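Undergrad: My questions concern the predicted model and sequence given below.
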Amino acid sequence: MSDCHQGGCCAPPTGNSARFRRALWLALVVNGAMFAIEFSAAWHASSVSLLADAVDFLGDSANYAIALFVLGLAPVWRSRSALIKGLSMGVYGIFVFGQAAWAAFDSTVPNAITMGRVGFLALAANVGVALLLYSFRDGDANMRSVWLCSRNDAIGNVAVLLAALGVFGTGSGWPDLVVATIMSGLAVFAAVSVVKQSLTELRGNAGQVSAKPEAAGHMH
């Protein structure tokens, strides 16, 4: 672990900086465009993992929009926003798991070529966004949730490419279902991390608020 992670050589980035705001706007545009592309491809390719990734792009677009809205607000509102985003990530994970379980009863084989092409495009988009947001990964819960979304997206895209190879090589749909299940697990794991941090920050903010009147009383 570097000294920066221990607070020894660099201060945490500020969530209200112009640089972070520009990064969020770009991430919002990229994710919105990729949702439209990947949702259409998932429908035509009959791929659960592509559908999961498309829904993830939609959720991330909403998350980036929320993050932009709360940038200038008090820390307590940024923590509340992160809590909502963490819960939404958990709901997404459960939804993907349900879709994979439902698709397990269907014998349709996804189109591996479409999966591979769209998965590669999505990977390029998400790696770009993840690199853009990398320097903000150690900020507050709001900033951390944004970074985790981008990181998990890139990992999910690699998994989709592996699923495409698996479908192409085996001629069956089970690799697609396995990857969709893994993606749901990633979403739930990240959701737990963000929710825990946001709740910790909310408790800290509540303690600071409750301490202010008491401190004021000592001044009289």
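TA: Right, received. Where do you want to start? The shown structure was predicted, so the numbers you read here are calculated from the model rather than taken from an experiment.

Undergrad: hmm, who's touching stretch 185-196?
TA: With contacts defined as CB atoms under 8 Å, 6 or more residues apart in numbering, stretch 185-196 is touched by 56, 82-83, 85-90, 92-94, 96-97, 141, 144-145, 148-149, 152, 155-156. (Glycine included, C-beta is placed from N, CA and C.)

Undergrad: change it to 6 Å
TA: The contact list for stretch 185-196, computed with CB atoms under 6 Å, 6 or more residues apart in numbering, reads Ala82, Gly86, Met89, Gly90, Tyr92, Gly93, Ser145, Leu148, Asn152.

Undergrad: for it, what is the average pLDDT?
TA: Averaged across stretch 185-196, pLDDT comes to 82.

Undergrad: what comes up buried for it?
TA: For stretch 185-196, the buried set under the neighbour-count rule, 16 or more other CB atoms under 10 Å, comprises Leu186, Ala187, Val188, Ala190, Ala191, Ser193, Val194, Val195.

Undergrad: Let's see which of those residues end up in helices.
TA: Leu186, Ala187, Val188, Ala190, Ala191, Ser193, Val194, Val195 (DSSP state H).

Undergrad: can you list these in a markdown table and add distance to Ser40?
TA: A markdown table is the format used below for these (distance: CB to CB, whole Å):
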| residue | distance to Ser40 |
| --- | --- |
| Leu186 | 24 |
| Ala187 | 22 |
| Val188 | 27 |
| Ala190 | 26 |
| Ala191 | 27 |
| Ser193 | 32 |
| Val194 | 29 |
| Val195 | 32 |
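
Undergrad: just to revisit the earlier point, now for the buried residues of stretch 185-196, which pair is the farthest apart?
TA: Spatially, the most separated pair among these is Leu186 and Val195, at 14.9 Å (CB to CB).

Undergrad: roughly how far apart are Asn111 and Ala52?
TA: 16 Å (CB to CB, to the nearest Å).

Undergrad: more neighbours, these two?
TA: Ala52 (30 against 19; other CB atoms under 10 Å).

Undergrad: Secondary structure class of the more buried one, three-state.
TA: Secondary structure, DSSP: H, G, I helix; E, B strand; the rest coil: Ala52 is helix.

Undergrad: quick one: it and Met183 touch, right?
TA: Yes: using CB atoms under 6 Å, Ala52 is in contact with Met183, at 5.1 Å.

Undergrad: intersection of neighbour lists for the two?
TA: What both Ala52 and Met183 touch, as defined by CB under 6 Å, 6+ apart, is the set Val96.
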